[in-house]
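Chemist: pasted the sequence and its predicted model underneath.
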Amino acid sequence: QVQLVESGGGLVQTGGSLRLSCAASGRSFSSRAMGWFRRAPEKEREFVAVISWISSTNYADSVKGRFTISRDNAKNTVYLQMNSLKPEDTAVYYCAARSSRYWSTNQDDYDYWGQGTQVTVSS
């Protein structure tokens, strides 16, 4: 069993930055692919960024060049650095873990989910 706890969300102005953290408990964090997904108001949850066990990454086109996903296996933590934030980035951001080492952009491939952290970008 894996538990995920997100932190770092908040209110920021357009152009600002936030860093989200996801602390994982349980076994085998270093061999799991991890992902960040988000759900904006009145929209479906969508892929944001994913990272494999050896830190291969992939990003949604909407965040490419602005967001960076990374992991610290010694701390069992995955991060999402978000720069140049826009109002359309406003959403609840969720951390997710796979039982596989390799990332997927399909949220159905993720086995464990955190509760989410709210990010609000004001214009």
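Modeler: That came through, no problem. Residues are numbered from 1 along each chain as shown.
Chemist: for the closest residue in space to Gln107 that isn't next to it in sequence, name its beta-bridge partners.
Modeler: Among residues not flanking Gln107 along the chain, Phe37 sits closest, at 5.5 Å (C-beta to C-beta, 6 or more residues apart in numbering). Placement of C-beta: from N, CA and C, glycine included. For Phe37, the beta-bridge partners are Phe47, Tyr94 (DSSP bridges).
Chemist: counting neighbours, what do you get for Phe37?
Modeler: 22 (other C-beta atoms under 10 Å).
Chemist: try the one 10 residues further on
Modeler: Counted with other C-beta under 10 Å, the burial measure for Phe47 works out to 20 neighbours.
Chemist: wait, doesn't it sit right on Thr105?
Modeler: Yes: using C-beta atoms under 8 Å, Phe47 is in contact with Thr105, at 4.5 Å.
Chemist: ok, the most centrally placed residue in the chain to Ser123 distance?
Modeler: Centroid-nearest residue in the chain, with C-alpha atoms, centre = their mean: Trp36, separated by 2.3 Å. Distance, Trp36 to Ser123, using C-beta to C-beta, to the nearest Å: 23 Å.
Chemist: quick one on the thing from earlier: quick check: pLDDT value at the residue nearest to the centre of the chain.
Modeler: On pLDDT, Trp36 comes in at 98.
Chemist: thought it was touching Leu20?
Modeler: Yes: under the criterion of C-beta under 8 Å, Trp36 makes contact with Leu20 at 7.1 Å.
Chemist: quick one: low-confidence parts of the protein?
Modeler: Applying pLDDT under 70 to the chain picks out no residues at all.
Chemist: if we go to 90?
Modeler: 1, 26-27 (pLDDT under 90).
Chemist: please enumerate the strands of it.
Modeler: Counting by DSSP state E, the chain has strands at residues 3-7, 10-13, 18-25, 34-39, 46-51, 57-59, 67-72, 77-82, 91-97, 112-113, 117-122.
Chemist: appreciated, that's everything.
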